[in-house]
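A.B. asks: No letters, just coordinates:
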């Protein structure tokens, strides 16, 4: 029965996504030729007009499964401001805390966008005109210690490629190949799902979640965390069954929380939350280990905790990071949601206290962000009113391939279960490595490397979601995971990497669940655990990956 529902779900999603609606062809370009930079029309669409009728009927049927909500921007919208030909991304190689501090201070002075900072490098996005200004503020030995991750033209093209094409067909295909490929999409094999071929906008994600609830109602329900500043819903999926609840109606619902999209531009975190949710949902009743896991725990999947910012990256600025709440400066909107939680809040994080334009702006007071208040209110209500006890947290971000554990606010304070956290983080990294040979490093979130015992100034910051859930909600197994990659693409990870990233995190989540089951589950929880049998949703289009871990 589960297999039948999975097939039906996949077939509906493939058909709806495979054929663009006429509306998507009248308002904006359907595709883009990356060689000639010319807009092209999908002639296959005019050759198969009946597909439009089929698509519309299926779409109307699927839409009946959910109530109408705040309108979202169509998925394929392009906005002129997303093309940044005048900007580039530089990587500075550093060796000491002094180097890190110098670059951090210079970036804050010039209001630059620091993409990533680790023990040996700092990635910064800036305008071409600011390069000389930045170098002038740095010590002489750092002025030649940088390389370009993206030039202006490369950055613009990477931004463009991160959006789905209107037809979800590789740009390089000929007109005839486009028609053939799209016809083939509708008859793909059942274990494939076009939903994960591309990044998806809220206008697609929310109906997809409701469809999952409708087809897998025995173990899936949709819930709302609350509302964003602009009034958008923050949707989530609760996945789990409770065969023993009738015998023990007062038993606590042990819950594992998996979140993504706290920072708007980190699209792969949202896609990965969805992938893991889909993998667990469709494996229930088919795999003994997953069935046991969902009987023992509830999983709550929140694809994006920042729907306003996420929507903004689809309509206006692909690299926007914060939420869309106004600040004291009208032209600098947004708070860094991972710095607005009340536990050890520090308004001076990264020197941004008086700079609302900073990417790390924490606001003028804790809990200023609407989305943060919604998340805290929901979590507390779950424990006080809904008989929930949170036992695990995975907060997904990008990029740099790291698994971080508390505390974020200071390296001078050690969690009471530090050794347990470090051991579990290493186990998650090993689970990923044995699956895809990808290395994820394990660190304290403040910037201390577990293996090298090194520190870097500027990483420690208070007010994080990780610290708040660990300390205030007593989730003693809480981690922040920074997903692929290590900087070759940064926040513009190609869509061809969605599935590989999802696969390795599915493996990590299974391992995480098994460890928590050993701690909190019934006796014999992991008997006959199917350690290596991870369900795979394979993607067909791997256009821009420099390497494919699955091949």
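C.D. replies: On my side now, so go ahead. All values derive from a computational prediction rather than experimental measurement.
A.B. asks: which residue ranges form the strands in this structure?
C.D. replies: Secondary structure of the chain (DSSP state E): strands located at 31-33, 38-40, 87-93, 113-117, 121-127, 146-150, 220-227, 233-239, 253-259, 298-302, 388-398, 402-405, 441-444, 478-483.
A.B. asks: rank those by mean pLDDT and give me the bottom one.
C.D. replies: Of all those, the minimum mean pLDDT falls on strand 38-40 (a mean of 36).
A.B. asks: Residue 238 reaches residue 297, doesn't it?
C.D. replies: No - judged on CB atoms under 8 Å, residue 238 makes no contact with residue 297 at a distance of 10.8 Å. To be clear about C-beta, it is placed using only N, CA and C from the backbone, and glycine gets the same treatment.
A.B. asks: In terms of neighbours, single out the busier of the two.
C.D. replies: Taking neighbours as other CB atoms under 10 Å, residue 238 and residue 297 compare with residue 297 leading, 22 against 19.
A.B. asks: Kindly provide the distance from the more buried one to residue 510.
C.D. replies: Residue 297 sits 12 Å away from residue 510, going by CB to CB, to the nearest Å.
A.B. asks: Same check on residue 416?
C.D. replies: 27 Å.
A.B. asks: and what of residue 140?
C.D. replies: 50 Å.
A.B. asks: cool, residue 254 as well?
C.D. replies: 16 Å.
A.B. asks: Kindly report the same for residue 504.
C.D. replies: 11 Å.
A.B. asks: Am I right that residue 427 is in contact with residue 515?
C.D. replies: Yes - in terms of CB under 8 Å, residue 427 counts as a neighbour of residue 515; the distance is 6.5 Å.
A.B. asks: These two: which has the busier surroundings?
C.D. replies: Neighbour count, other CB under 10 Å: between residue 427 and residue 515, residue 515 has more, with 20 against 17.
A.B. asks: Who are the contact partners of the more buried one?
C.D. replies: 424, 427, 477 (CB atoms under 8 Å, 6 or more residues apart in numbering).
A.B. asks: same question, residue 425
C.D. replies: 403-405, 442, 450, 479.
A.B. asks: can you put these in CSV and add distance to residue 383 and neighbour count?
C.D. replies: Output for the contacts of residue 425, formatted as CSV (distance: CB to CB, whole Å; neighbours: other CB atoms under 10 Å):
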residue, distance to residue 383, neighbour count
403, 26, 25
404, 24, 27
405, 22, 25
442, 28, 22
450, 30, 18
479, 20, 25
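A.B. asks: For these, name the two members farthest from one another.
C.D. replies: 450 and 479 (12.5 Å; CB to CB).
A.B. asks: and residue 140 and residue 510? which has more neighbours close in?
C.D. replies: Higher neighbour count among residue 140 and residue 510: residue 510, with 27 against 7, using other CB under 10 Å.
A.B. asks: how about that one, what does it touch?
C.D. replies: 289-290, 293, 431, 534.
A.B. asks: In TSV: these, plus distance to residue 339.
C.D. replies: Shown next, in TSV, are these (distance: CB to CB, whole Å):
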residue	distance to residue 339
289	37
290	35
293	33
431	30
534	34
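A.B. asks: Restricted to helices, list those residues.
C.D. replies: 289-290, 293, 431 (DSSP state H).
A.B. asks: Looking at the residues you listed, state which has the most neighbours.
C.D. replies: The residue in the ones in helices among the contacts of residue 510 with the most neighbours, by other CB under 10 Å, is residue 293 (28 neighbours).
A.B. asks: And the closest residue to it other than its chain neighbours, what's its pLDDT?
C.D. replies: Closest residue to residue 293 apart from its sequence neighbours, by CB to CB, 6 or more residues apart in numbering: residue 513 at 4.7 Å. With respect to pLDDT, residue 513 scores 96.
A.B. asks: tell me the contacts of residue 513?
C.D. replies: Residue 513 neighbours (CB under 8 Å, 6+ apart): 256, 293, 297, 392.
A.B. asks: Report the separation between it and residue 520.
C.D. replies: In terms of CB to CB, residue 513 sits 10 Å off from residue 520.
A.B. asks: and what of residue 290?
C.D. replies: The value you get for residue 290 to residue 520, if CB to CB is used, is 17 Å.
A.B. asks: same question, residue 529
C.D. replies: 16 Å.
A.B. asks: Next: residue 426.
C.D. replies: 20 Å.
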